[in-house]
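[1] Predicted model and sequence follow; I will ask about them next.
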Amino acid sequence: MTDTHTMASAGGETKSRSMLTWILGALSIFAPFSTDMYLSGFNLMASDFDTSMSQVQLSLSTFFVGMAIGQLLYGPLIDRYGRRVPLLGGVALFIVTSLAILYVLNIEGLIGLRFFQAIGGCSGMVISRAIIQDLFDEQEAAKALSLMMVVQTVGPITAPVIGAYLLVFGGWKAVFTFLVAFGVICWLITAKWVPESLPVERRQKQNIGEMMTVFKRFLCDWRFMSPTLAGSFSNSVMFCFITGSPFVLMQLFGMGRETYGWMFSGTAAGMVITSQANRMLLKRFTPKLLFTASIIISLVASVALVLVRNTDQLWLFMIPLFVCVSMVPMVCANSIAIAMSVSGRDAGSASSLVGVCQFAFAGAISAIVGALHNGTSLPMCGMILVCTVLAFVVNYLGHKAPAK
């Protein structure tokens, strides 16, 4: 009887953790929904605001900057005050700013609101990683993060398609109306189902200023910084694709708006495959081994992408591009698990640093892709190669560094 009860309890706990992981994954897709859904509507927004495409693109870069700064702020807050209240507050900020965007009168107002929308939206990403670190060890955390990546890829898969049809039937404001509704649903689910995972006795007692010194400790710890930097460079591949693909695929290869949305979704479907594969492979291999292997695969694919970039055959161009983008979840899930495993009681601050690196690099590299625009696919393809080379070098140096 006792054994049966124990097994039932264990099964219930596993089911509960699985459901929580799915919810945390949903809370982490504010970013792809807020970026990918309106990409093909840049020209409509430029027309409505009587401005240039480059000004509209600035709303994308500003969003990435807000994501980076927001994650820096949440780390100390959630280590001192717990996970639940800052999470609910962040989602509420996302809802309010998304609603305000519907009434903005000029492009400057849109850019400013996008900054604060990102600060609210990034709460789910930071706090979800911290909750997983509260509840799982490194191996199980890598599996949970892989499952989260599956949920997160719902954003890149569905956002371009949903966005394309919303733009056709309701214009760009329909996209932000959708974001308001999605935010409200996520807030209600969080309020009901996401528990507080950091007990009061485990919370940091220092003031916020003192807690900021924790960042210095992580920045000086190569065990943390090596996987964080390598993962951030690899994650930037996705943002090279997001920034460069509308021009490359719609202008150079002549895709229509709806076709582009479906293609984007097909590429994102590859991310689901690698996320699921990573979960299965973790039953036999360590996160460190899979991390290194996935970086090497990405590097080979990025070299191939540069070599075939001048082809007029779309399928030949898409194969290495598909591999490069698809490997991002495998690299990132394992890099985050490795980095967070050394965080100890400062999981919130560690999670925020991971996020800061990811989105600071994403914002900078997406801006570089835009600045290098020369009417060819080289800026996008070349920066993808640069990102994967840097990821490979940093990971190699991490293996060479002496362990503490």
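    Good, I have the coordinates. Because the structure is a prediction, the values reported are computed rather than measured. Numbering: from 1, shown residues only.
[2] Need the nearest residue in space to Ala333, chain neighbours excluded.
    Using C-beta to C-beta, 6 or more residues apart in numbering and skipping the chain neighbours, the partner closest in space to Ala333 is Leu145 (4.2 Å). For glycine as for every other residue, the C-beta is placed from the backbone atoms N, C-alpha and C.
[3] three-state assignment of the one you found?
    The three-state label given to Leu145 by DSSP: H, G, I helix; E, B strand; the rest coil is helix.
[4] From Phe361, how far off is it?
    Leu145 sits 19 Å away from Phe361, going by C-beta to C-beta, to the nearest Å.
[5] Between those two, tell me which one has more neighbours.
    A count of neighbours by other C-beta atoms under 10 Å puts Leu145 above the other of Leu145 and Phe361, at 32 against 22.
[6] residues contacting that one?
    Contacts were defined as C-beta atoms under 8 Å, 6 or more residues apart in numbering; by that measure Leu145 touches 129, 132, 332-333, 336-337.
[7] closest to Ser343 among these?
    Arg129 (9.6 Å; C-beta to C-beta).
[8] can you give me how far the helix or strand containing that closest one is from the chain middle?
    Applying DSSP states H and E as the criterion places Arg129 in helix 123-135. Distance of helix 123-135 from the chain centroid (C-alpha atoms, centre = their mean, to the nearest Å) equals 13 Å.
[9] Which parts of the stretch 1-150 of the chain are helices?
    Using DSSP state H, counting those that start in this stretch, the helices of the stretch 1-150 of the chain run over residues 2-27, 30-36, 42-48, 53-81, 84-101, 107-121, 123-135, 138-152.
[10] In the longest one, which residues are buried?
    The one in question is helix 53-81. 55-81 (16 or more other C-beta atoms under 10 Å).
[11] Of the helices of the stretch 1-150 of the chain, flag the one that's most buried.
    With neighbours taken as mean count of other C-beta atoms under 10 Å, the helices of the stretch 1-150 of the chain reach their highest mean count in helix 123-135, at a mean of 27.
[12] Show me what that helix is packed up against.
    With contacts taken as 3 or more C-beta pairs under 8 Å, 6 or more residues apart in numbering; DSSP states H and E, helix 123-135 sits against helix 2-27, helix 30-36, helix 53-81, helix 84-101, helix 138-152, helix 328-340, helix 347-371.
[13] what about the shortest one, distance to the chain center?
    On the basis of C-alpha atoms, centre = their mean, helix 30-36 sits 9 Å off its chain's mean C-alpha point.
[14] and Ser343, how many neighbours does it have?
    For Ser343, using other C-beta under 10 Å, the count is 22.
[15] Now do the phi/psi pair for it.
    Here is the backbone geometry of Ser343 (degrees, to the nearest 10): phi -80, psi -30.
[16] Next one: it from Ala337, what distance?
    Separation of Ser343 from Ala337 (C-beta to C-beta): 11 Å.
[17] ends of stretch 337-352, how far apart?
    14 Å (C-alpha to C-alpha, to the nearest Å).
[18] mind listing what's buried in it?
    Buried residues in stretch 337-352 (16+ other C-beta under 10 Å): 337-341, 343, 346-352.
[19] from those, which two are the most distant?
    Across the buried residues of stretch 337-352, the longest distance by C-beta to C-beta is 17.7 Å; it joins Ile338 and Gly348.
[20] Now for Phe64: which residues touch it?
    Applying C-beta under 8 Å, 6+ apart, we find Phe64 in contact with 118, 239, 359-360, 362-363, 366.
[21] and what of Val394?
    The contact partners of Val394, by C-beta under 8 Å, 6+ apart, come to 226, 229-230, 233.
[22] Take the residues you listed and lay them out in a markdown table including pLDDT.
    What follows is these, written out as a markdown table (pLDDT from 0 to 100):
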| residue | pLDDT |
| --- | --- |
| Ser226 | 95 |
| Leu229 | 96 |
| Ala230 | 95 |
| Phe233 | 95 |
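[23] Just give me the closest of those to Leu105.
    Phe233 (38.6 Å).
[24] Distance of that closest one relative to Gly82?
    Taking C-beta to C-beta, one finds Phe233 at 32 Å from Gly82.
[25] who has more neighbours, those two?
    Phe233 (27 against 20).
[26] Thanks a lot, see you next time.
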